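**Student:** Let's see this in three dimensions:
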Amino acid sequence: MTKINNVFSLFDFCKKRADKLQIYGEETLDEERNIIPFIDQAALITHYLQLRNKNVNMPYEQQAKGILDLWYEFVKGEQKKKPKNFNFVGESSAAIQGYLFPDLFQAPFQAPANPKFTFIDLFAGIGGFRMAFQNLGGECVFSSEWDEQAKKTYYANYGEVPFGDITKESTKNKIPKGFDILCAGFPCQAFSLAGKRLGFEETRGTLFFDVAEILRRYQPKAFFLENVKGLVIHDKGKTLKTILNTLDEVGYVVPNPEIVNAMYFGVPQHRERIYIVGFRKDLGIKKEDFSYPIQKEVTKKWIDVREENPVPAKYYLSTTYIDTLIRHKARHEAKGHGFGYDIIPDDGIAHAIVVGGMGRECNLVIDFRQKDLTPTTRIKGEVNKQGWRKMTPREWARLQGYPDNFRIVVADASAYKQFGNSVAVPAIQATASQLLKTLKEHGYIGK
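**Tutor:** Now for the predicted structure:
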């Protein structure tokens with residue numbers, strides 16, 4: 001084994017902006033002879049390294065090996081003399097862990113050693129679906145996410161860089177065959193209903209079309225989709241009707257979707273989302289064979305997820321900003337609107353955390369524990385002494401059910417966006433448990 005002195009930490013390169021780094025070679029060209037960007041090379045390699053000892057047919061395996069060998073030569077500071085000789089791939093796992101991607105193998109949320117089933121993670125975000133299904137014994141064999149900042153968080157926690165744009169055929173072609181469950185929190189979009197068949201063709205040009213196309217092509221045993229509650233009334237109900245008709249058309253039995261509220265599953269957040277699950281028709285599973293988890297009690301309050309120690313002054317609002325919020329709320333109340341800031345009491349339940357608009361201001365809290373209110377950022381006015389502050393990214397993580405060893409590796413602005421866009425892990429996990437129970441009862445997993 002060749003001894004090298006450098007350690008190649010992919011995350012170090014991500015922090016320094018991966019778009020500034022490029023590794024070239026014959027192996028790094030795609031089907032159209034275009035150079036594969038660095039971050040997409042990383043997706044190929046990390047997927048391969050996570051799955052190389054598993055019984056998973058990776059369509060990209062040979063290319064990943066070639067790029068991995070090329071990167072190894074890059075780390076050694078040598079030029080690659082013989083293409084596709086895979087010298088590094090043939091060396092020990094200790095070499096891989098010691099010299100290339102040590103952070104991959106130290107990621108806190110690794111797949112179980114003996115997985116009970118496999119799944120793919122589309123529109124993966126920061127991996128809420130992945131965490132829930134891994135907790136239940138599943139192994140993720142493919143992930144896809146377009147946002148670069150979310151990819152950094154995903155890699156830091158799962159040791160895998162998601163593939164990119166799932167609308168591209170080249171990305172779809174990297175999905176391994178034979179996986180059990182498709183997971184996706186796809187964005188809600190209006191469909192073209194010109195044909196009025198309300199089926200597969202009317203979804204073209206939307207991101208749901210790509211979900212449906214993958215279901216049609218790969219035919220997993222089941223799927224689990226999540227979307228905003230507003231999907232129920234979106235375009236006067238036509239959007240949801242089209243989705244359900246399309247899922248039937250591509251070969252799935254779909255129990256009636258249900259609105260699930262995360263606050264009934266151990267997080268103090270009033271977050272309602274529509275869940276849609278389905279089972280491949282030839283499995284013989286009927287709609288009535290599946291039931292969503294019972295939503296019966298609230299067990300957590302805001303104080304249960306509050307930071308244990310005083311938070312920095314930067315999370316406290318300025319006096320000027322508070323005045324702006326008060327005037328803003330008064331204007332809307334005068335018009336009969338309910339828009340504006342809100343303060344969550346210690347024994348209360350947070351509103352749904354969302355990105356943009358008044359997302360953070362709707363979940364303000366009172367916290368007098370910080371005594372040093374010296375401004376650490378440029379603000380107008382001074383830091384308020386009434387205890388008004390925003391929740392921290394870690395508190396948002398807890399509101400979504402992420403454990404405290406989940407790594408927050410991006411700036412606050414990106415972290416708020418990522419947690420606001422995420423699924424609530426405990427609610428997903430409770431529903432996933434019901435889905436798996438149905439598959440197990442019919443003999444399709446856990447044999």
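
**Student:** for this structure, what helix or strand is lowest in average pLDDT?
**Tutor:** None of the helices or strands of the chain scores lower by mean pLDDT, DSSP states H and E than helix 93-99, at a mean of 51.

**Student:** After it, which helix or strand is next?
**Tutor:** helix 102-105 (DSSP states H and E).

**Student:** Could you export that following helix as CSV, CA atoms only?
**Tutor:** Extracted in CSV, the C-alpha atoms of helix 102-105 (Å, rounded to 0.1, in the frame of the first residue of the first chain):
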residue,chain,number,x,y,z
PRO,A,102,-12.4,10.1,6.8
ASP,A,103,-15.4,12.2,7.6
LEU,A,104,-17.6,9.9,5.5
PHE,A,105,-17.0,7.0,7.9
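
**Student:** Check which helices and strands that helix is in contact with.
**Tutor:** Helix 102-105 is packed against helix 10-15, helix 38-51, helix 148-158, with contacts defined by 3 or more CB pairs under 8 Å, 6 or more residues apart in numbering; DSSP states H and E. All C-beta atoms are positioned from the backbone trio N, CA, C, and that covers glycine.

**Student:** can you redo these as a markdown table with mean neighbour count, distance to V409 and mean pLDDT?
**Tutor:** Shown next, in a markdown table, are the helices and strands packed on helix 102-105 (neighbours: other CB atoms under 10 Å; distance: least, CB to CB, whole Å; pLDDT from 0 to 100):
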| stretch | mean neighbour count | distance to V409 | mean pLDDT |
| --- | --- | --- | --- |
| helix 10-15 | 18 | 7 | 58 |
| helix 38-51 | 23 | 15 | 90 |
| helix 148-158 | 23 | 4 | 93 |
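
**Student:** host element of I259?
**Tutor:** strand 258-261.

**Student:** model confidence over that strand, on average?
**Tutor:** In this model, strand 258-261 carries a mean pLDDT of 97.

**Student:** neighbouring strands for that strand, and are they parallel or not?
**Tutor:** According to DSSP bridges, strand 258-261 forms sheet pairs with strand 272-280 (antiparallel).

**Student:** so where's the stretch 51-200 of the chain shaky on pLDDT?
**Tutor:** Where the stretch 51-200 of the chain drops to pLDDT under 70, the residues are 75-100, 189-200.

**Student:** Could I get the full set of strands for it?
**Tutor:** Listed in chain order, the strands of the stretch 51-200 of the chain (DSSP state E, counting those that start in this stretch) span residues 117-122, 138-143, 181-184.

**Student:** Can you name every helix or strand that the last one contacts?
**Tutor:** Helices and strands touching strand 181-184, by 3+ CB pairs under 8 Å, 6+ apart, are strand 117-122, helix 128-135, helix 207-218, strand 222-228.

**Student:** what residues does it touch?
**Tutor:** When contacts are defined by CB atoms under 8 Å, 6 or more residues apart in numbering, strand 181-184 is touched by residues 117-123, 129-130, 133, 138, 211, 214-215, 218, 220-226, 435.

**Student:** again, 7 Å this time
**Tutor:** 117, 119-123, 129, 133, 211, 214-215, 220-225 (CB atoms under 7 Å, 6 or more residues apart in numbering).

**Student:** Check the first one too.
**Tutor:** Contact partners of strand 117-122, identified using CB under 7 Å, 6+ apart, comprise 127, 129-130, 133, 138-144, 166, 175, 179-184, 211, 445.

**Student:** Same check on stretch 164-173?
**Tutor:** Residues from elsewhere that reach stretch 164-173 (CB under 7 Å, 6+ apart): 30-31, 40, 59, 122, 144, 146, 163, 210, 214.

**Student:** before we move on, the earlier item: check which element follows the strand holding I259 along the chain.
**Tutor:** On the C-terminal side of strand 258-261, the closest following helix or strand by DSSP H and E is strand 269-270.

**Student:** Who are the packing partners of that following strand?
**Tutor:** strand 350-351 (3 or more CB pairs under 7 Å, 6 or more residues apart in numbering; DSSP states H and E).

**Student:** tell me the mean pLDDT for the helix or strand just after the strand it packs on?
**Tutor:** Of the helices and strands lying after strand 350-351 in sequence (DSSP H and E), the nearest is strand 365-366. Averaging pLDDT along strand 365-366 yields 98.

**Student:** What average pLDDT does stretch 292-309 get?
**Tutor:** 96.

**Student:** Now that stretch: buried residues?
**Tutor:** Neighbour-count burial for stretch 292-309, counted by 16 or more other CB atoms under 10 Å, picks out 292-293, 295, 300-302, 305-306.

**Student:** And for stretch 122-130?
**Tutor:** So, applying 16+ other CB under 10 Å, buried residues of stretch 122-130: 122-130.

**Student:** do stretch 249-268 as well
**Tutor:** Within stretch 249-268, the residues scored as buried using 16+ other CB under 10 Å are 249-250, 252-255, 257, 260-268.

**Student:** Please give me every residue in contact with I23.
**Tutor:** I23 touches 38, 41, 70-71, 74, counting by CB under 7 Å, 6+ apart.

**Student:** Ok, I126 next?
**Tutor:** Contacts of I126 (CB under 7 Å, 6+ apart): 150, 153-154, 418, 422.

**Student:** Domains of the protein: list them as residue ranges, please.
**Tutor:** 1-105, 107-298+421-447, 308-391 (automatic domain parsing).

**Student:** ok, for E31, nearest residue in space, not its chain neighbours?
**Tutor:** What sits nearest to E31 in space, not counting adjacent residues and going by CB to CB, 6 or more residues apart in numbering, is S170, at 6.7 Å.

**Student:** Repeat that for E441.
**Tutor:** That would be D289: by CB to CB, 6+ apart, it lies 7.5 Å from E441.

**Student:** Would you confirm that the one you found contacts K437?
**Tutor:** No: using CB atoms under 7 Å, D289 is not in contact with K437, being 9.8 Å away.

**Student:** Can you list the buried residues in stretch 182-189?
**Tutor:** Result for stretch 182-189 [16+ other CB under 10 Å]: buried residues 182-186, 188.

**Student:** For K296, which residues are in contact?
**Tutor:** Contacts of K296 by CB under 7 Å, 6+ apart are Y264.

**Student:** which residues does R52 contact?
**Tutor:** Contacts of R52 by CB under 7 Å, 6+ apart: none found.

**Student:** From F38, how far off is the spatially most central residue of the chain?
**Tutor:** Among the residues of the chain, G125 comes closest to the average C-alpha position under CA atoms, centre = their mean, at 2.7 Å. For G125, the distance to F38 (CB to CB, to the nearest Å) stands at 21 Å.

**Student:** ok, what's across the strand from C140?
**Tutor:** Those that pair with C140 in a beta bridge, by DSSP bridges, are F119.

**Student:** I figured it hits R130, correct?
**Tutor:** Yes: because the distance of 5.1 Å satisfies CB under 7 Å, C140 is recorded as touching R130.
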